[in-house]
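Q: I would like the atomic coordinates for the input below:
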Amino acid sequence: MKKRVKITALVTALFLLTAMLAGCGGQKDSGKVSLTVGNWPTEAQERELQVKTEFKQQFEQEHPELEMKTDNYAFDVKTFAAKAAAKQLPDIIYNLPYTEVKTVIRNGYASDMTEAAKRKGLLDALDPEMMAMCSDEDGNVYCLPRVAYMMGLMVNKKLFAQAGLVNEDGTVKFPENFEQLTEYAQIIKEKTGAAGFCMPSTNNVGGWILTCIAYNFGVEFEKQNDDGSWTATFDTPEFHKTLEWLYDMKWNKNVLQDNTVVDATEMQMQLGSDRAAMVIGNSDWCNKQVTTCGMAKDNIAMAKMPAGDGGRYAMLGGSLFMFAQGLSEEQKDLALDWIALSEQFTADVDKEGYAKQCQSFNESGYCVFPRELFTPWISPERAAIVEEASAPYVNMNIKDFEEYNRDGIELRTEPEACAQQLYSVLDGVVQRILTDQNVNLEEISKKAQEDFQANFLDKMD
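A: Coordinates of the predicted model:
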């Protein structure tokens, strides 16, 4: 009887071990390697779904060892942490914000992709400044920069032309600093009746844009102490001056939009419907301006951020590829091969594949430029291939974006600690200024810093 128990126990143990081994490294009972791709287009996204499906079929033919699955899940701050902790994320997440990288690394939600990225030749081909944002303190890489943007000034060319703020060749006269921006906003309001500038105020967008502006006035929002804790530092004369500029735009110059509750979508609609002439945003917004806001492609122009008393800075951001925890080296290689094929995320870009992507964008009504306006890639060979491959499908005038460049610009990252919470606090600051003519700017600055410190920085793990 005891021998039978021992034999049964041994058989059970071997069965469990076999099951565990079959599950390691994404191996299935079929012997294939499993890989689940997130951000998969829905049926409503007919053209994008067709293109991705064709890529999937090609990829599966090239990798018969692969069992590829798809998932519609896209990053959502409300659900991400719970899904990550429960290990329910797809293996590839496409749009992780830069502000979430440190949290993802600290909580162990992502796989270390350093060696896989080296094997694919990515580390030498990507901008070191951007890669630092994707890595831990030891330089281990956990994410890759899918989309990189530099915040700048997006304008409505039609309103600028009506206000006489164009050059002889029809290109826009962009303001060089915030003082000139105010001047142009006044001219536009006087000549066209439209708001010269649209300032958002809700859904963290107001705080985000205020942060972009404040960098140029010399504001530092936080600092990390020797013990690892964080201290809010923005209640300063530089921040007060930033708020004075916004107050002046609202109450003295009367050049802002009438609506005081504005999120990103409403701000883009204001620009696209000729209700506002200037917004602070990034070149990725061009597609939404055209497809959602009804803005003509030749009515969009963009330049670098205006300068302030503290310098000329642009916030760097975008979205990242993140690779879920627990991937085997084989899965990591396959994940990088997939994004190389389907997203052209490779230094050795495939001309035919990139052209196919540009064709898809063009046919879907998206904007196609003759070059990447802002890119994480530092390879001139890649840039030449991109220019040649995109040429037949270009539908944007690059002259309207020549001033959107890094000349004289210093890049800044988003605040490292509790960025989204900071933006939420600063939303309240913007709202007070837009709605209360008698607001005490120094008082709301002090209270905002105290709230951010007590409610967020002091409660960090």
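Q: let me see the ranges of the strands in the stretch 351-461 of the chain.
A: Secondary structure of the stretch 351-461 of the chain (DSSP state E, counting those that start in this stretch): strands located at 410-412.
Q: could you pull out the helices for it?
A: 351-363, 380-390, 419-435, 441-455 (DSSP state H, counting those that start in this stretch).
Q: will you turn the ones you listed into CSV that also has mean pLDDT?
A: Shown next, in CSV, are these (pLDDT from 0 to 100):
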stretch, mean pLDDT
helix 351-363, 91
helix 380-390, 92
helix 419-435, 96
helix 441-455, 98
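Q: can you list contacts of stretch 178-191?
A: 153, 159-160, 162-165, 173, 175, 194-197, 213, 216-217, 245, 248-249, 253-255, 277-278, 306-308 (CB atoms under 8 Å, 6 or more residues apart in numbering). For every residue, glycine as well, the C-beta is placed using N, CA and C.
Q: quick check: mean pLDDT across that stretch?
A: For stretch 178-191, mean pLDDT rounds to 98.
Q: now it, how far from the centre of its chain.
A: 29 Å (CA atoms, centre = their mean, to the nearest Å).
Q: could you do stretch 54-66 as well?
A: 29 Å.
Q: report the rounded mean pLDDT for that stretch.
A: Stretch 54-66 shows a mean pLDDT of 96 in the predicted model.
Q: can you name the residues in contact with that stretch?
A: Counting by CB under 8 Å, 6+ apart, 31-35, 37, 68, 70, 334, 337-338, 341-342 sit against stretch 54-66.
Q: okay, now the domains of this structure?
A: Using automatic domain parsing, the domain ranges for the chain come out as 30-149+317-393, 152-312+408-459.
Q: weakest of these by average pLDDT?
A: domain 30-149+317-393 (a mean of 93).
Q: hang on, the earlier thing: in TSV, list the contacts of stretch 54-66 along with secondary structure, neighbour count and distance to K102.
A: What follows is these, written out as TSV (DSSP: H, G, I helix; E, B strand; the rest coil; neighbours: other CB atoms under 10 Å; distance: CB to CB, whole Å):
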residue	secondary structure	neighbour count	distance to K102
G31	coil	9	38
K32	coil	15	35
V33	strand	19	30
S34	strand	18	29
L35	strand	24	26
V37	strand	22	25
M68	strand	18	30
T70	strand	17	29
L334	helix	23	27
D337	helix	18	28
W338	helix	21	26
L341	helix	17	30
S342	helix	19	28
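Q: quick one: which of those is nearest to Q453?
A: V37 (40.9 Å; CB to CB).
Q: show me how far stretch 382-390 is from its chain's centre.
A: For stretch 382-390, the distance to the chain centre is 23 Å (CA atoms, centre = their mean).
Q: err, stretch 195-214, not the other one
A: 16 Å.
Q: show me what contacts the nearest residue to G308 once chain neighbours are set aside?
A: What sits nearest to G308 in space, not counting adjacent residues and going by CB to CB, 6 or more residues apart in numbering, is N216, at 3.1 Å. By CB under 8 Å, 6+ apart, the contact set of N216 is F178, M305, P306, A307, G308, D309, G310, G311, R312, Y313.
Q: reformat those residues as a markdown table; add secondary structure and neighbour count.
A: Listed next are the contacts of N216 as a markdown table, based on DSSP: H, G, I helix; E, B strand; the rest coil; neighbours: other CB atoms under 10 Å:
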| residue | secondary structure | neighbour count |
| --- | --- | --- |
| F178 | helix | 21 |
| M305 | coil | 24 |
| P306 | coil | 22 |
| A307 | strand | 20 |
| G308 | strand | 23 |
| D309 | coil | 14 |
| G310 | coil | 16 |
| G311 | strand | 14 |
| R312 | coil | 17 |
| Y313 | strand | 23 |
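Q: and these, which two are the farthest apart?
A: Farthest pair in those, by CB to CB: M305 and D309, 13.5 Å.
Q: quick check: pLDDT value at the closest residue to Y215 other than its chain neighbours.
A: Spatial nearest neighbour of Y215, chain neighbours left out: Y313 (4.1 Å); criterion: CB to CB, 6+ apart. Turning to Y313, the model gives it a pLDDT of 97.
Q: ok, the nearest residue to V141 once chain neighbours are set aside to K157 distance?
A: Nearest residue to V141, sequence neighbours excluded (CB to CB, 6+ apart): T114, at 4.6 Å. T114 sits 45 Å away from K157, going by CB to CB, to the nearest Å.
Q: neighbour count: those two, which is higher?
A: Neighbours per residue (other CB atoms under 10 Å) separate T114 from K157, with K157 holding more: 21 against 17.
Q: list the contacts for the more buried one?
A: The contact partners of K157, taken as CB under 8 Å, 6+ apart, are V166, V172, D298, N299, I300, A301, D400.
Q: I'd assumed D400 was in contact with the fifth one.
A: Yes. Contact between I300 and D400 holds when scored by CB atoms under 8 Å: they sit 6.7 Å apart.
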